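Trainee: can't give you the sequence, but here's the structure:
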């Protein structure tokens, strides 16, 4: 069971870039089930991983920890629900509050903490870690760089103009120039049309993912200085710059500078 748990966990981690694709969070796909199918896939995976983890790890301390945490959550939810039930807004629909929506929110907030415990209790050797990091880096950074070169990536900051002014639909348009257009004068475009997040939903989310992966990519580059890790490190650098967010651009430059020092 421990081996199956590890394989399922690795598959779930590698699937993350695919679950952050922009169109999975937009109508009509998101309207069909009332939520993004990516969220449903994540919940199913975490549920399966949870059952497998409890079957593989019989530690009483872990069971007590989860039992106490779930009990605290239930107490919080009951008190929160009672408090929210006493509130009545003058706005129609009471701000769209629903018991199911709040319960669903609590479940989504618990998932990352639960996965941290599972990963901590699951043993991974360096070879497996490098395998997972390589796939995540290749899929995330590689897709951003490739979509930029082909000029098919979605813009990190692009907005649309309507009759009444700006329609805030960030990321719905594709970029207007590749990284090579950065060296032209401003008449050929600006950072709204050049910064790209690939095919992902939020530029800031991808920035965080890239920044978390970069030290790991550099670590494995030091341990195994080969062409694969050189390519991955180069893709990390390019993707961080092409995203155009302060976190990704400045963070990537800082991490690589620290790495060379």
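Mentor: On my side now, so go ahead. What you see is a predicted model, and the numbers here were worked out from it, not measured in a lab. Residues are numbered from 1 along each chain as shown.

Trainee: how far is the one helix or strand residue 131 maps to from where the chain is centred?
Mentor: Take DSSP states H and E as the rule and residue 131 turns out to sit in helix 126-149. Average the C-alpha atoms of helix 126-149, do the same for its chain, and the two points are 13 Å apart (CA atoms, centre = their mean, to the nearest Å).

Trainee: ok, residues contacting that helix?
Mentor: Outside of helix 126-149, the residues within contact range by CB atoms under 8 Å, 6 or more residues apart in numbering are 6, 10, 13-14, 16-18, 124, 153-154, 175, 178-179, 196-200, 206, 209-210, 213, 216-217, 220, 223-224, 228-229, 232, 235-236, 238-240, 242-243. C-betas here are computed from N, CA, C, even on glycine.

Trainee: Identify the residues contacting stretch 199-207?
Mentor: With CB under 8 Å, 6+ apart, stretch 199-207 has contacts from 17, 20-25, 140, 143-144, 147, 153-154, 156-157, 171, 195, 197-198, 240, 243-245, 247-248, 251.

Trainee: buried set for it?
Mentor: Within stretch 199-207, the residues that qualify as buried are 199, 200, 201, 202, 203, 206, 207, counting by 16 or more other CB atoms under 10 Å.

Trainee: With secondary structure as added columns, please give these in CSV.
Mentor: Formatted as CSV, the buried residues of stretch 199-207 follow (DSSP: H, G, I helix; E, B strand; the rest coil):
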residue, secondary structure
199, coil
200, strand
201, coil
202, coil
203, helix
206, helix
207, helix
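
Trainee: out of the contacts of helix 126-149, which are inside strands?
Mentor: Judged by DSSP state E, the contacts of helix 126-149 include no members of strands.

Trainee: And the buried residues of stretch 199-207, which is closest to residue 91?
Mentor: Using CB to CB, residue 202 comes nearest to residue 91 of those, at 27.7 Å.

Trainee: hang on, the earlier thing: and the buried residues of stretch 199-207, which two are furthest apart?
Mentor: With CB to CB as the measure, no two of the buried residues of stretch 199-207 lie farther apart than 199 and 207, at 15.1 Å.

Trainee: in stretch 7-17, what counts as buried?
Mentor: Using 16+ other CB under 10 Å as the burial criterion, the residues of stretch 7-17 that qualify are 9, 10, 12, 13, 14, 15, 17.

Trainee: Sort out which of those residues are in helices and list them.
Mentor: Secondary structure from DSSP state H places 9, 10, 12, 13, 14, 17 of the buried residues of stretch 7-17 in helices.

Trainee: how near is the third one to residue 250?
Mentor: Translated: residue 12. Distance check for residue 12 against residue 250: by CB to CB, to the nearest Å, it reads 31 Å.

Trainee: Likewise for the last one?
Mentor: For residue 17, the distance to residue 250 equals 23 Å [CB to CB].

Trainee: Buried ones in the strand or helix carrying residue 257, by neighbour count?
Mentor: Counting by DSSP H and E, the element that carries residue 257 is helix 246-260. Neighbour counts using 16+ other CB under 10 Å place 247, 248, 249, 251, 252, 255, 256 of helix 246-260 among the buried residues.

Trainee: Low-confidence stretches in the stretch 101-250 of the chain?
Mentor: Regions of the stretch 101-250 of the chain meeting the criterion pLDDT under 70 cover residues 158-172, 185-191.
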